[in-house]
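Engineer: coords please:
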Amino acid sequence: MDFSKFFIDRPIFAAVLSIVILAAGLIAIPILPVTEYPDVVPPSVVVRAVYPGANPKVIAETVATPLEEAINGVENMMYIKSVAGSDGVLQTTVTFRTGTDPDEAQVHVQNRVNQALARLPEDVRRQGVTTQKQSPNLTMVVHLVSPDGRYGALYLRNYATLKVKDELARLPGVGSTQAWGAGDYAMRIWLNPDQVAARGLTAGDVVRAVREQNVQVSAGQLGAEPLPEGSDFLISINAQGRLRTEEEFGNIVIKSGAGGEIVRLADVARLELGAGDYTLRSQLDGKDAIGIGIFQSPGANAIELSDAVRAKMDELATRFPEGLAYKVIYDPTVFVRDSIKAVVTTLMEAVGLVVLVVILFLQTWRASIIPLLAVPVSIVGTFAVLYLLGFSINTLTLFGLVLAIGIVVDDA
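Structural biologist: Below is the predicted model:
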């Protein structure tokens, strides 16, 4: 049976089918995910642990090995890779087979990590072991910068963490956000080796004293059950536990003698409020800056995400302190927008040329109706097929449409 003859003999059916294909394509266009490139990277989950003061060899033996032994063999896992840095940070990346649900993979890995927590050093458990799915699609990078140099990198990092990062993370389509640059605020304690040795102390004694005296605990209540005679009120007691300033930390008692002598932290160390990590530094146009990377969640529309991020940053900028500004340094959706514009332009040119060529050679409008309708129906209907197959609008699919326009025109 001739496939073309079937539709030629049934013009009403062919017209209705064309309308259905065109409508399906128009419905699919706004809900299709838009990215720069196809999502072919297998999903992965990152486990991050911190062991302060440990070198890579110690981290590999005491932290990486227990975690890898527990995680190994998790459902749909392809391979696992661990990287231990000299800053005491371990990052274990678990890569899964393509098509695995990232949320389910994160849950499976988290369950395995919980089984290994008892085998990890106490310092690592105290710092915490985090498990989060990793999104390979870096959609945008927003920089916070002080154009007049009024604010340093530490202030910018703290402001980005408290005021900006979480606001962006709550936007639809955002998989995760990550800040680059200076570390978070921390109390830096620089021990004087001579003073420590002269008083018969070690670095462990200092660490132990800081942990014991810098805690937030419940101080209890006055007037709690069983009530004493004449007690009419129940009063909660608030006690200052967490230390905040250099002076408060300097008053920590490290050692006390039988004769009443006291050794305080300020006697053996220099204290300053600074960054917890100096391994990374970010600059923009020669000035300190903090970069915030926005990663797109699977299936999200990159163009809508870009517009939402810019709108949110414009809103947040109205509340910025004087001397603080933001710049969008990296935004690949610019190329996606240009590609879509190029395809639309090419489509319009193709339709126009078909009409012009057919009219010039056939010298009739009636003969040009079929190619005039076939091109937009074929192109727009393609988006419905892309949606059904789970594809996205990206550079490669748009290039394919550009090439297909020539074939459609030729057949029409």
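Engineer: okay, CA-based contacts and neighbour counts for the rest of this
Structural biologist: Will do.
Engineer: Skip the chain neighbours and tell me the closest residue to the residue nearest the centre of the chain.
Structural biologist: Nearest to the geometric centre of the chain sits residue 176, at 2.4 Å (Cα atoms, centre = their mean). Computed as Cα to Cα, 6 or more residues apart in numbering, the closest residue to residue 176 that is not its neighbour in sequence is residue 295, at 5.3 Å.
Engineer: these two touch, right, the one you found and residue 133?
Structural biologist: No: in this structure, residue 295 is not within contact of residue 133 by Cα atoms under 8 Å, at 11.0 Å.
Engineer: Now do the same contact list for the residue nearest to residue 176.
Structural biologist: By Cα atoms under 8 Å, 6 or more residues apart in numbering, residue 295 lies in contact with 135-140, 174-177.
Engineer: Give me the distance between it and residue 193.
Structural biologist: Computed as Cα to Cα, to the nearest Å, the residue 295 to residue 193 distance reads 45 Å.
Engineer: ok, back up a step: part of a strand, is the residue nearest to the centre of the chain?
Structural biologist: Yes: using DSSP: H, G, I helix; E, B strand; the rest coil, the assignment for residue 176 is a strand.
Engineer: after the lengthiest strand in the chain, next one along is what?
Structural biologist: Counting by DSSP state E, the longest strand found in the chain is strand 287-296. Toward the C-terminus, strand 287-296 is succeeded by helix 302-317 as the next helix or strand (DSSP states H and E).
Engineer: Summarise which helices and strands that following helix is packed against.
Structural biologist: If contacts are counted by 3 or more Cα pairs under 8 Å, 6 or more residues apart in numbering; DSSP states H and E, helix 302-317 sits against strand 138-145, helix 165-169, strand 325-330, helix 333-362.
Engineer: what's the average pLDDT for the first one?
Structural biologist: Averaging the model's pLDDT scores along strand 138-145 yields 87.
Engineer: What lies in contact with it?
Structural biologist: Against strand 138-145 from outside (Cα under 8 Å, 6+ apart): 156, 160, 284, 287-296, 302, 306, 324-333.
Engineer: Among those, name the buried ones.
Structural biologist: Buried by 16 or more other Cα atoms under 10 Å: 156, 160, 284, 288-296, 302, 306, 324-326, 331-333, out of the contacts of strand 138-145.
Engineer: Buried ones in stretch 267-287, by neighbour count?
Structural biologist: 267-269, 271, 274-275, 282, 284.
Engineer: With just CA atoms, put it into PDB.
Structural biologist: This file holds the C-alpha atoms of stretch 267-287, laid out as PDB (Å, rounded to 0.1, in the frame of the first residue of the first chain):
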ATOM      1  CA  ASP A 267      48.800  33.500  77.300                       C
ATOM      2  CA  VAL A 268      50.000  30.900  74.800                       C
ATOM      3  CA  ALA A 269      48.300  31.900  71.500                       C
ATOM      4  CA  ARG A 270      47.300  34.700  69.200                       C
ATOM      5  CA  LEU A 271      43.600  34.900  68.300                       C
ATOM      6  CA  GLU A 272      41.800  36.500  65.400                       C
ATOM      7  CA  LEU A 273      38.400  36.300  63.800                       C
ATOM      8  CA  GLY A 274      39.100  35.300  60.200                       C
ATOM      9  CA  ALA A 275      38.300  32.800  57.500                       C
ATOM     10  CA  GLY A 276      38.100  29.100  58.300                       C
ATOM     11  CA  ASP A 277      39.800  28.200  55.100                       C
ATOM     12  CA  TYR A 278      42.400  30.200  53.000                       C
ATOM     13  CA  THR A 279      42.900  27.600  50.300                       C
ATOM     14  CA  LEU A 280      40.600  29.300  47.800                       C
ATOM     15  CA  ARG A 281      40.500  32.900  46.600                       C
ATOM     16  CA  SER A 282      38.100  34.600  44.100                       C
ATOM     17  CA  GLN A 283      38.700  37.900  42.300                       C
ATOM     18  CA  LEU A 284      36.800  39.900  39.700                       C
ATOM     19  CA  ASP A 285      38.500  42.700  37.800                       C
ATOM     20  CA  GLY A 286      41.300  42.700  40.400                       C
ATOM     21  CA  LYS A 287      38.900  43.000  43.400                       C
END
